[in-house]
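A.B. asks: Give me a 3D structure for the following:
(4 chains)
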Protein chains: 2
Amino acid sequence: MILVILVTLKKEQGANYLGYLERKNNRLKVTIYDVAEEAGVSIATVSKVINNRGNMRDKTRQKVKNVMATLNYQPNMMASALMGKGTKTIGLLVNDISNPIFSDLARIIENRSHEKGYSVIICNTDDNRDKELKYLKVLRNKQVEGLIVGSSFKDKAMLNEMRYHNIPLVMLTHMDQEVLASKIAVDDYKGGYMATEHLLENGHRRIGLIVELADSSTKRLIGYKEALKDWNIGVDPKLMIRTSASVAKGKQKFHQLYQNNYKNPPTAIFTSNNQLAVGVIAAAKSLELAIPVDLAIVSFDDTILAETTEPPITTIAQPIETMGNEVVDLLIKEIDDKMNEVHTIMHKPQLIVRQTTAEKMKDEV
Amino acid sequence: MILVILVTLKKEQGANYLGYLERKNNRLKVTIYDVAEEAGVSIATVSKVINNRGNMRDKTRQKVKNVMATLNYQPNMMASALMGKGTKTIGLLVNDISNPIFSDLARIIENRSHEKGYSVIICNTDDNRDKELKYLKVLRNKQVEGLIVGSSFKDKAMLNEMRYHNIPLVMLTHMDQEVLASKIAVDDYKGGYMATEHLLENGHRRIGLIVELADSSTKRLIGYKEALKDWNIGVDPKLMIRTSASVAKGKQKFHQLYQNNYKNPPTAIFTSNNQLAVGVIAAAKSLELAIPVDLAIVSFDDTILAETTEPPITTIAQPIETMGNEVVDLLIKEIDDKMNEVHTIMHKPQLIVRQTTAEKMKDEV
DNA sequence: TTGAAAGCGCTAACAG
DNA sequence: CTGTTAGCGCTTTCAA
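C.D. replies: Just a heads-up that it's a prediction; the model follows:
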């Protein structure tokens, strides 16, 4: 066995965390065979200590461990994955990771996954059917063990197929009936209802709606309608707009909404996320509308944006910390248990009142 | 060969994007052997068509392709990775993906990577030495082909070791001298200088500084000092604070700065990122300081936060779109060429003036 | 133009 | 308690 020590580098760096100093047989990688040879045991024995299984003399186990440490051996996960062990990686599909709600969620999900020994591959589906399909294929090639789907899939059938490939999946923030999988989300219907009710209680009667195309937003929209109904206020289609999530769309759609209703403009707007709300605020300011006097706004999600705008945004918060941790716990449970039951966890939304809403003066109503 | 067609499902779903309908030999997975058998060729031939290599009769190639399509065969990447082909995945290390600058960057990086056939694994190092080490190990286990490091590593030696494992790495937003690798960043020194100069030109003489601990921030700090020096203004250590990136820290450190200088408080603050700036704005408001009259602010980075705060923040922008694309192009080039040259690309920062700065009145100076 | 066969690094019976 | 051995699914010479 040849063991080349790169002394020069060692001195320069003064560290050997990852074991580059040893090279065996002039190869860069040290394999299970190298460890076995060096420890004077068989590869089977080494495999057992790697996986902490089987019985063996304590001395043997220790010896192997020592050799692994000095050679700085790192098992090749590809090989063990090939043998049926998992890849210890999961896929996280979102529309757009730069959306604050998803980057917050991604942070929590990645943390928890890492704690549990999993890595996460991110995918931006961009609300695009082709990308959805492509990512699903890639993720399957890469043998990911599970999927967290935080994006609204155009094609639910594709998602449903995943279980035939034995890869568990849990939907996050999308309680989509058509998808046969575990789901974790907030009660979107209730959230929509609460948002609208808050506005109604503050005296608003012309409430505009700018929400995304996702299923979750559809539920919020239903909640909105239901609240109006309970207050005996007619639903006006001209006050409702569906679009995609971005600041630009928020601006654009608010202008559109305002123009379409110039005779009887909305006094309040409900948006399905913070980016849209930011756009609405900008547009309202450009029209010299005072917030919340001329225009009140309630949004969904409680990201940093809701706190930093002027005025700060009244919003319906989702418990993302809880949801993020739950989703990885549930997914890993499904991976481990290979269970097929479907869990559905619905969280309560919470109204957080900030300065984009205020009780209207009597004479204004 | 047994070919079970799940007709019921087929009818229900009306789709077969991912090929769950076919099962061979009662296994879920269809392998290269299945394709070979079905096409009446050897696995070697199939391998060639998968990789688009070798010569063969056009008819053969076409036949194999057809079989792959009908069986909806997806090559197992683990196996090909084992054989020396890459894993087609890279690692992205950042301090915290929920930091807007990094989620924006992550978005761009993931997009470009996906276009080029790579997946990206995200890692939040949290500025924590242990996590850095652990991620590096995991990423090595998983045989990632390259690394994009957008976080300031506590232990540069660990990073330098990666090249001994033949895994290329490019630093993003951190021109760290100690790391022997390609780097893409903005000219932080110049950015710090520009920010400070802008404040000086607006009449400020007591300029506070709240920056991160990263090397990039050190450069920005040097730029700040240099600008003061060029204007013949003494550097006051009591005006400089180093901390980590968060809104909470921004608030806290601003209060601290203000208290420590209550006799002669700063009239302006330079922060190294938007989150700190947001914190400073909040703290300033709580002290009833008017911005920019009582306190001017210049930040670094141009995320959505800089536009949505009140007032919107004057900032030094990095060309993140360009940088994000460049970093993956460069990394993939290094992966493909196995080259060892080190590239360094420095971008020009750009001052974007918004409402946290304004020329001071003469009598105020 | 095609195929047989030898691995890649690891796991998991099954022997000894 | 430890080792032998047969794969996992794929790539890649080297023969045919």
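A.B. asks: interface residues of the stretch 251-365 of chain A facing chain B?
C.D. replies: Neighbours of chain B within the stretch 251-365 of chain A, by Cβ under 8 Å from any Cβ of the partner chain: A:275, A:278, A:281, A:304-305, A:308-311. All C-beta spots, glycine's among them, are computed from the backbone N, C-alpha and C.
A.B. asks: List just the nearest of those residues to chain B.
C.D. replies: Taking Cβ to the nearest Cβ as the measure, chain B lies nearest residue A:310 of these, at 2.6 Å.
A.B. asks: What's the per-residue pLDDT of the closest residue to that closest one other than its chain neighbours here?
C.D. replies: Using Cβ to Cβ, 6 or more residues apart in numbering or on different chains and skipping the chain neighbours, the partner closest in space to residue A:310 is residue B:310 (2.6 Å). On pLDDT, residue B:310 comes in at 87.
A.B. asks: these two touch, right, residue B:310 and residue A:307?
C.D. replies: No. Using Cβ atoms under 8 Å, residue B:310 is not in contact with residue A:307, being 11.4 Å away.
A.B. asks: related to what we said a few turns ago, which member of the residues of the stretch 251-365 of chain A next to chain B is positioned nearest residue B:127?
C.D. replies: Closest approach between these and residue B:127, by Cβ to Cβ: residue A:304, at 19.0 Å.
A.B. asks: count of neighbours near the closest one?
C.D. replies: The tally of other residues near residue A:304 (other Cβ atoms under 10 Å in any protein chain shown) stands at 21.
A.B. asks: Also residue A:130?
C.D. replies: 11.
A.B. asks: and it, which of the three is it?
C.D. replies: helix (DSSP: H, G, I helix; E, B strand; the rest coil).
A.B. asks: So which of the residues of the stretch 251-365 of chain A next to chain B are in helices?
C.D. replies: Members of those lying in helices (criterion: DSSP state H): A:275, A:278, A:281, A:304-305, A:308.
A.B. asks: who's in contact with the closest residue to residue A:131 other than its chain neighbours?
C.D. replies: What sits nearest to residue A:131 in space, not counting adjacent residues and going by Cβ to Cβ, 6+ apart, is residue A:125, at 5.0 Å. By Cβ atoms under 8 Å, 6 or more residues apart in numbering or on different chains, the contact set of residue A:125 is A:93-95, A:131-132, A:135, A:151, A:153.
A.B. asks: redo that, cut-off 10 Å
C.D. replies: Shown in contact with residue A:125 (Cβ atoms under 10 Å, 6 or more residues apart in numbering or on different chains): A:93-96, A:131-136, A:149-154.
A.B. asks: Tell me the pLDDT of the residue lying closest to residue A:350 once chain neighbours are set aside.
C.D. replies: In space, residue A:350 comes closest to residue A:317 once its chain neighbours are excluded; the distance is 4.6 Å by Cβ to Cβ, 6+ apart. With respect to pLDDT, residue A:317 has a value of 98.
A.B. asks: Was I right to think residue A:317 contacts residue A:301?
C.D. replies: Yes. Assessed by Cβ atoms under 10 Å, residue A:317 is found in contact with residue A:301 at 7.1 Å.
A.B. asks: closest point of the stretch 101-250 of chain A to DNA strand D, which residue?
C.D. replies: For the stretch 101-250 of chain A, the residue closest to DNA strand D is residue A:141, as judged by Cβ to the nearest atom of the strand, at 8.6 Å.
A.B. asks: Tell me how many other residues crowd that residue.
C.D. replies: 16.
A.B. asks: And it, how far from residue A:53?
C.D. replies: 29 Å (Cβ to Cβ, to the nearest Å).
A.B. asks: and if you look at residue A:125?
C.D. replies: Taking Cβ to Cβ, one finds residue A:125 at 39 Å from residue A:53.
A.B. asks: where does the stretch 1-150 of chain A have low pLDDT?
C.D. replies: Within the stretch 1-150 of chain A, the ranges that satisfy pLDDT under 70 run A:1-28.
A.B. asks: Let me see the ranges of the strands in it.
C.D. replies: A:3-5, A:22-24, A:89-94, A:119-124, A:146-149 (DSSP state E, counting those that start in this stretch).
A.B. asks: Identify whichever of those lies nearest to residue B:330.
C.D. replies: strand A:119-124 (20.2 Å).
A.B. asks: now for the closest one, which elements pack on it?
C.D. replies: When contacts are defined as 3 or more Cβ pairs under 10 Å, 6 or more residues apart in numbering or on different chains; DSSP states H and E, strand A:119-124 sits against strand A:89-94, helix A:100-115, helix A:129-141, strand A:146-149, strand B:89-94, helix B:100-115, strand B:119-124, helix B:129-141.
A.B. asks: burial measure for the residue nearest to residue A:272 when sequence neighbours are not counted, as a count.
C.D. replies: Ranked by Cβ to Cβ, 6+ apart and with sequence neighbours excluded, the top spatial neighbour of residue A:272 is residue A:211, at 3.7 Å. Around residue A:211 there are 25 other residues, counting by other Cβ under 10 Å.
A.B. asks: that's a strand at residue A:211, yeah?
C.D. replies: Yes. Checked against three-state DSSP, residue A:211 lies within a strand.
A.B. asks: Please work out how many residues are found near the spatially closest residue to residue A:63 that is not a sequence neighbour.
C.D. replies: Closest residue to residue A:63 apart from its sequence neighbours, by Cβ to Cβ, 6+ apart: residue A:39 at 5.4 Å. The local packing of residue A:39 (other Cβ under 10 Å) involves 19 other residues.
A.B. asks: Now for residue A:39: which residues touch it?
C.D. replies: A:45-46, A:49, A:60, A:63-68, A:71.
A.B. asks: I'm done for today, thanks for sticking with me.
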